[in-house]
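Enquirer: Give the three-dimensional model of this entry:
(one chain, ligands or ions: 1)
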Amino acid sequence: MTNHANMRWGENDKLGKSWDNCNVSGKIKTEFVTQLIAEDRPITFSPNLPNVHSPAEENVSILEIWGGQPLSGQVNVSGAKNSALVLMAGAVLCPEECSLRNVPSLVDVSCMSEILAALGVKVKREGDRLVINASTIGQSKAPYELVSQLRASFFVIGPLLARLGVARIPLPGGCAIGARPVDLHVRGLQALGAEVQIDHGIVYAYVTGVNKRLKGAKIYLDYPSVGATETLMMAATLADGETTIENAAQEPEVIDLANFCRAMGAKIRGAGTNTITISGVSRLHTADYSIIPDRVEAGTFLVAGAITRSEILVSPVIPDHLTAVIAKLQAMGVQVVKEGSHGVRVIPSQNILATDIETLPYPGFPTDMQAQFMALLTLSEGDSIISETVFENRLGHVPELSRMGADIRIKGNHAIIRGVPMLSGAPVVATDLRASAALVLAGLAANGKTTIQGLHHMDRGYEQIESKLQKLGARMHRIKSDAKLDDRSNDAVVLPSKPPMLNQHS
Ligand code: EPU
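Expert: Prediction:
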């Protein structure tokens, strides 16, 4: 039997694919490719893979996917996780009850609810609606056990400081995708007049003076950090005077937060541009607000269509939020057409063209879609370079995709992907949220069965992904397993006769 997974384009004349047809362009790419072709030698497979076993997961869930099924139909996009989390923190600014609608049911949202509850905030879920009442806020100290689980929970520092004049939040620490410091948040709060001390891993911020009110200031961010922009925007809503945030993040979630704060009576201009101006008010009031659709979930489904060569309607979306993602799909030969005001339809092409991608702050290509596009590019005709510039450690999916027969090498923050004709199902482990999505996508396209462990990552950010994909025709289900995480033995897996080559030069 031909082992397609170990084959390069050009090796199989019957497929009519050749390197000569590849879409190779650009100086850096040429240098990389030349260098890498010179180094081209198979490396004996050695599963030197990250151990992400957590003791809490002795009884792990595994997702089994039988690849190669065409998908069809329409898929519903949930509310945006990263909006929901920060808007929940934003509700702490308000001394009255607020309602957030279109809130996805996710582990991260539950964790944020627990953090708010620990601060004395009442949080109640009614369907996709969260009713948050921070009139009863009684604590300025967030518990470490919860903050360490969810980086976004650090963002409550801004609202707490604005409301109470004091906040004690543990440093969130690094995570699987990078160190993720909070220096920009802290320096911005200091510019707003807060005293900040960091002791024993706790950030203790307070405002001096009689009314304990932050003071408006002009803040320049060294980097357009999403979280820092959000923290400072929230803190400034109740500050005395005007605040300007220069080099602010322009992500749609920042605009969503600004709109929610405005619905509560905040005075914010310029959200969505690189300069945001906030005129402080003394008090916010109740609001009922609906969260935007999740652009990363939508993008993931567009890639699902492209990778399985299936036509799928994805809605609701705000098409403008997907500009970079759609442009890259089009560069790969995949058509994406708008349908109505809130839908996009992916119309696949049989051949995926290679393309280069660099992750950037919005409106650049989102880092949260990098792993999913890498899965798609593993099956492209030619070689591509993905450069991850936002997080320093967001290529954990590379060894896992390689297990499935992908040909990817890492050079610093660049991944060089040579398209292969086919992936083969294999046991793999998700190392972070978006890596989990990439593995699901690869599994949908692969030959045979893929089993994915590390599903706790996926459950943080994708609402009902299995049932949504099943409805489209995917063959997948989740099983409980007593197997230890990272135990790759899987008799039922259709593996190639030789282990796949792992061409990873790190
Ligand atoms: N950074 C600093 N100092 C800071 C803040 C950030 O050096 O004080 C660095 C980070 O270490 C990183 C870069 O700036 O290298 C970008 O970080 P940013 O602050 O923009 O990201 P974030 O607010 O921590 C949010 C999303 C991420 C998404 C990024 C970038 C939430 C809860 N998280 O993180 O979402 O990747 O923006 O768009 O909003 C995900 O959903 O999978 C995810 C990781």
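Enquirer: count of residues packed around the nearest residue to residue 67 once chain neighbours are set aside?
Expert: The shortest distance from residue 67 to any residue other than its chain neighbours is 3.9 Å, reached at residue 446 (CB to CB, 6 or more residues apart in numbering). To be clear about C-beta, it is placed using only N, CA and C from the backbone, and glycine gets the same treatment. When neighbours are defined as other CB atoms under 10 Å, residue 446 has 29 of them.
Enquirer: My read is that residue 446 contacts residue 423, right?
Expert: Yes - the criterion here is CB atoms under 8 Å, and residue 446 meets it with residue 423 at 4.0 Å.
Enquirer: Please list the residues of the stretch 251-400 of the chain that sit near the ligand.
Expert: 251, 253, 367-368, 390-391 (CB under 6 Å from any ligand atom).
Enquirer: One more pass at 5 Å, please.
Expert: 367-368 (CB under 5 Å from any ligand atom).
Enquirer: Mind jotting down where the strands sit in the stretch 251-400 of the chain?
Expert: 267-269, 275-279, 288-290, 312-315, 335-339, 343-347, 357-358, 383-387 (DSSP state E, counting those that start in this stretch).
Enquirer: go on, the stretch 51-200 of the chain?
Expert: 60-66, 73-76, 97-101, 122-126, 129-133, 166-170, 195-199.
Enquirer: Now do the shared contacts for residue 446 and residue 423.
Expert: Among the neighbours of residue 446, those also in contact with residue 423 (CB atoms under 8 Å, 6 or more residues apart in numbering) are 67, 404-405.
Enquirer: want to throw those residues into TSV with pLDDT and neighbour count?
Expert: Listed next are those as TSV, based on pLDDT from 0 to 100; neighbours: other CB atoms under 10 Å:
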residue	pLDDT	neighbour count
67	98	25
404	98	28
405	98	29
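Enquirer: Specify which member of the residues you listed is nearest to the ligand.
Expert: Looking at the shared contacts of residue 446 and residue 423 and their distance to the ligand, the nearest is residue 404, at 21.4 Å (CB to the nearest ligand atom).
Enquirer: show me the contacts for the nearest residue to the closest one once chain neighbours are set aside.
Expert: Excluding its sequence neighbours, the residue lying closest to residue 404 (CB to CB, 6+ apart) is residue 423, at 4.5 Å. Applying CB under 8 Å, 6+ apart, we find residue 423 in contact with 5, 67, 378-379, 401, 404-406, 442, 445-447.
Enquirer: so residue 124 makes contact with residue 130?
Expert: Yes - counting by CB under 8 Å, residue 124 touches residue 130, with 7.2 Å between them.
Enquirer: With neighbour numbers in mind, choose between these two.
Expert: Each of residue 124 and residue 130 has its neighbours counted (other CB under 10 Å); residue 130 has more, 24 against 12.
Enquirer: Would you mind measuring from that one to residue 433?
Expert: 21 Å (CB to CB, to the nearest Å).
Enquirer: try residue 179
Expert: From residue 179 across to residue 433, the span is 17 Å (CB to CB).
Enquirer: same deal with residue 459?
Expert: Distance from residue 459 to residue 433, by CB to CB: 9 Å.
Enquirer: The two: which has the busier surroundings?
Expert: Neighbour count, other CB under 10 Å: between residue 459 and residue 433, residue 433 has more, with 23 against 19.
Enquirer: Would you agree that one is in contact with residue 460?
Expert: Yes - the pair residue 433 and residue 460 qualifies as a contact (CB under 8 Å) at a distance of 5.3 Å.
Enquirer: would you turn the strands of the stretch 251-400 of the chain into a markdown table with mean pLDDT, distance to residue 75 and mean neighbour count?
Expert: Below are the strands of the stretch 251-400 of the chain laid out as a markdown table (pLDDT from 0 to 100; distance: least, CB to CB, whole Å; neighbours: other CB atoms under 10 Å):
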| stretch | mean pLDDT | distance to residue 75 | mean neighbour count |
| --- | --- | --- | --- |
| strand 267-269 | 98 | 33 | 16 |
| strand 275-279 | 98 | 33 | 20 |
| strand 288-290 | 98 | 20 | 16 |
| strand 312-315 | 98 | 6 | 22 |
| strand 335-339 | 97 | 13 | 15 |
| strand 343-347 | 97 | 10 | 20 |
| strand 357-358 | 98 | 23 | 19 |
| strand 383-387 | 98 | 25 | 22 |
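Enquirer: Can you report how many residues lie near the residue nearest to residue 403 when sequence neighbours are not counted?
Expert: Sequence neighbours aside, residue 426 is the residue nearest to residue 403 in space, at 4.6 Å (criterion: CB to CB, 6+ apart). Residues near residue 426, counting by other CB under 10 Å, number 29.
Enquirer: How about residue 101?
Expert: The burial count for residue 101: 14, using other CB under 10 Å.
Enquirer: before we move on, what about residue 361?
Expert: Residue 361 has 21 nearby residues by other CB under 10 Å.
Enquirer: show me the contacts for it.
Expert: 223-224, 226, 249-251, 390.
Enquirer: Now, of the residues you listed, which are buried?
Expert: Buried members of the contacts of residue 361, scored by 16 or more other CB atoms under 10 Å, are 224, 226, 249-251, 390.
Enquirer: one step back: got CSV for the contacts of residue 423, with secondary structure too?
Expert: What follows is the contacts of residue 423, written out as CSV (DSSP: H, G, I helix; E, B strand; the rest coil):
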residue, secondary structure
5, helix
67, coil
378, coil
379, coil
401, helix
404, coil
405, coil
406, coil
442, helix
445, helix
446, coil
447, strand
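Enquirer: Please identify which pair of those residues lies farthest apart.
Expert: 401 and 447 (14.3 Å; CB to CB).
Enquirer: Which of those two has more residues huddled nearby?
Expert: Using other CB under 10 Å, the more surrounded residue of residue 401 and residue 447 is residue 401, with 28 against 18.
Enquirer: so the more buried one touches residue 443, yeah?
Expert: No - in this structure, residue 401 is not within contact of residue 443 by CB under 8 Å, at 10.4 Å.
Enquirer: joint contacts of the two?
Expert: residue 428.
Enquirer: Got the phi and psi for the residue of the chain at minimum distance from the ligand?
Expert: Nearest residue of the chain to the ligand: residue 227, at 2.8 Å (CB to the nearest ligand atom). Here is the backbone geometry of residue 227 (degrees, to the nearest 10): phi -60, psi -40.
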